[in-house]
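Enquirer: Curious how this folds, go ahead:
(chains A, B and C)
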Amino acid sequence: MDAAGVHETGPAARALPVEFYARATLTVARQLLGKVLVHDAPDGGAAGIIVETEAYIGEGDPACHASRGRTPRNAPLYGPPGRAYVYLNYGMHWLVNAVTEPEERPAAVLIRALEPIEGLDLMRSRRARDGVVLDEVRLCRGPGNLTRALGIGAAQNQVSLRRGGLRIEDRGLPRRSVLTGPRIGIRVGIDRPWRFWIAGSPCVSGSGGQSAN
DNA sequence: CGTTCGATGCACT
DNA sequence: GTGCATCGAACGT
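Expert: Below you'll find the model as predicted:
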């Protein structure tokens, strides 16, 4: 609560509660669309609207990191919901997930793309490469790109998404129509339509998206 | 200890 | 559409 004890209006109030994450992963993946991923880092803050997600669910999902059982690396998947699971992929890209489901049920939602809304200049400088200026649409398109733009890395693994520098907030943005289709960038489990994105958003990765639903 | 390979991004053909 | 950069986790000797 704030000083007046009336109503809390800061970041902590807008951050999604643990109950949001402690549900079926497909539900969380869909409902994270339109929410805002925020990272207040030492070198500055930046934020964007989540426009693309993918669900990775349990040891029975061959594309989920938990498919071969619990390991030190994937331990965050087995931990409490509402925390971040951040790991290095292909030796160069940090990918950020929101851990879902009740504790001990390994599952998470991969954040794949954002529409940048805050800290655009900082994002550009973080992503600057050979002096090329990136347009807003490409700034956070792709899971490895958005972590770089937001300054997310190993230090954010397992942090709470409810308080602290890394948060996901509900800012009451208007609901937009959602499409679903197969997950991309994986070689197994492509039969499951567990990718979700906001229809028509230019910031969505891959083809941007025609598919069913 | 060596080998494989991945929830990618980007340049290039 | 193909190839490559780059590295640590996982697994098989």
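Enquirer: Mind checking if the host helix or strand of A:Asn97 is in reach of DNA strand B?
Expert: Under DSSP states H and E, the secondary-structure element containing A:Asn97 is strand A:93-99. Yes - contact between strand A:93-99 and DNA strand B, assessed by CB under 7 Å from any atom of the strand, occurs at A:93, A:95, A:97. Glycine gets a C-beta too; all of them are placed from N, C-alpha and C.
Enquirer: pLDDT below threshold where in chain A?
Expert: By pLDDT under 70, the weakly predicted segments of chain A are A:1-8, A:130-131, A:207-213.
Enquirer: Identify each buried residue in stretch A:104-112, please.
Expert: Taking 16 or more other CB atoms under 10 Å as the neighbour-count basis, stretch A:104-112 is seen to contain the buried residues A:105-112.
Enquirer: actually stretch A:110-123, sorry about that
Expert: Buried residues in stretch A:110-123 (16+ other CB under 10 Å): A:110-117, A:119-120, A:122-123.
Enquirer: Over to stretch A:152-164?
Expert: When burial is assessed from 16+ other CB under 10 Å, stretch A:152-164 yields the following buried residues: A:152, A:156-157, A:159, A:161-162.
Enquirer: Kindly report the same for stretch A:79-99.
Expert: By neighbour count, and taking 16+ other CB under 10 Å as the criterion, the buried residues in stretch A:79-99 are A:80-86, A:94-99.
Enquirer: Name the nearest of the residues you listed relative to DNA strand B.
Expert: When the buried residues of stretch A:79-99 are compared for distance to DNA strand B (CB to the nearest atom of the strand), A:Asn97 wins out at 4.2 Å.
Enquirer: quick revisit: between the residues of strand A:93-99 next to DNA strand B, which is closest to A:Lys35?
Expert: Top of the list for closeness to A:Lys35, among the residues of strand A:93-99 next to DNA strand B and by CB to CB, is A:Asn97 at 14.3 Å.
Enquirer: Verify the stated contact: the closest one with A:Tyr85.
Expert: Yes - in this structure A:Asn97 lies within contact range of A:Tyr85 using CB atoms under 8 Å: 4.1 Å.
Enquirer: which residues do these two both contact?
Expert: Taking CB atoms under 8 Å, 6 or more residues apart in numbering as the contact rule, A:Asn97 and A:Tyr85 both touch A:Ala108.
Enquirer: what's across from A:Glu118 in the sheet?
Expert: Beta-bridge pairing of A:Glu118, defined through DSSP bridges, involves A:Ala47.
Enquirer: measure it to A:Gly45 for me?
Expert: 6 Å (CB to CB, to the nearest Å).
Enquirer: so which of the residues of strand A:93-99 next to DNA strand B comes closest to A:Arg30?
Expert: Nearest to A:Arg30, judged by CB to CB, of those is A:Asn97 at 15.3 Å.
Enquirer: neighbours of the residue of chain A found nearest DNA strand B, just the number please.
Expert: Taking CB to the nearest atom of the strand as the measure, the point where chain A comes nearest DNA strand B is A:Gly185, at 1.4 Å. One way to gauge burial is a neighbour count; for A:Gly185, by other CB atoms under 10 Å, it gives 17.
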